[in-house]
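A.B. asks: sequence? don't have it. structure:
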């Protein structure tokens, strides 16, 4: 069974204090790993897809990286508007298009 | 593009009543997914369709849940009869597979069953 574990569950940062969120996964063949951002009362917003170990993608202050067992979402010099829950999901090679989600990391950036 | 559209945004009903949630996917997307999100279980896939055909409904919790996709621009998720444990946020997502694997989510319907 595919499993996704995210840590920490919650993270409080001061504005400008860089950090990383972790997503560990076990899957029978990875088709893709996805990062989403979810604001309160809204649906998850797509951020990145990573397909193979060593791949990296960036968007503004966010950079996602992938190894064979985990992914990191690095946040550089965060701002209060980066506060949200960040969700990680995996798509297994044999599962067509289903995504298995982790429970998320709730990030709070204080001004 | 308007994105995925869901209605209603909020639904409060009494136990035993029928509930119908609606979704309009992004135009041109041929895959549609229904998810449920709770604090205890997070985001769970209920069912997904490809080209209007249900592919996998193994996540549907009970026979009280049913989903249809009569055409490429509309899907419904029905709960009959509803129970308090069905209270959750229900999301619809669509994907342009095979051109891309990403799923794009709607704003969700917050369902409260009293």
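C.D. replies: Looks like it came in fine. All values reported here derive from a predicted model rather than from experimental measurement.
A.B. asks: okay, the residue nearest to residue A:66 when sequence neighbours are not counted and chain B: tell me how far apart.
C.D. replies: Nearest residue to residue A:66, sequence neighbours excluded (Cβ to Cβ, 6 or more residues apart in numbering or on different chains): residue A:50, at 4.0 Å. Using the backbone N, CA and C atoms, a C-beta is placed for each residue, glycine as well. Here the criterion is Cβ to the nearest Cβ, to the nearest Å. By it, residue A:50 lies 11 Å from chain B.
A.B. asks: what's the answer for residue A:2, then?
C.D. replies: Separation of residue A:2 from chain B (Cβ to the nearest Cβ): 11 Å.
A.B. asks: thinking again about what came up before, ok, now which ones touch the residue nearest to residue A:66?
C.D. replies: Contacts for residue A:50 (Cβ atoms under 8 Å, 6 or more residues apart in numbering or on different chains) come out as A:32, A:33, A:34, A:35, A:56, A:57, A:64, A:65, A:66, A:71.
A.B. asks: and residue A:20, what element?
C.D. replies: Using DSSP states H and E, residue A:20 maps to strand A:19-26.
A.B. asks: next: residue A:35.
C.D. replies: Per DSSP H and E: strand A:30-38 holds residue A:35.
A.B. asks: re earlier: and the contacts of residue A:50, which are buried?
C.D. replies: By the neighbour-count criterion of 16 or more other Cβ atoms under 10 Å in any protein chain shown, the contacts of residue A:50 include these buried positions: A:32, A:33, A:34, A:35, A:64, A:65, A:66, A:71.
A.B. asks: burial measure for residue 62, as a count.
C.D. replies: Chain wasn't specified; assuming chain A. Neighbours of residue A:62 under the rule other Cβ atoms under 10 Å in any protein chain shown: 19.
A.B. asks: to clarify, I was referring to chain B.
C.D. replies: The burial count for residue B:62: 9, using other Cβ under 10 Å.
A.B. asks: what's the pLDDT at residue A:92?
C.D. replies: At residue A:92, the model reports a pLDDT of 87.
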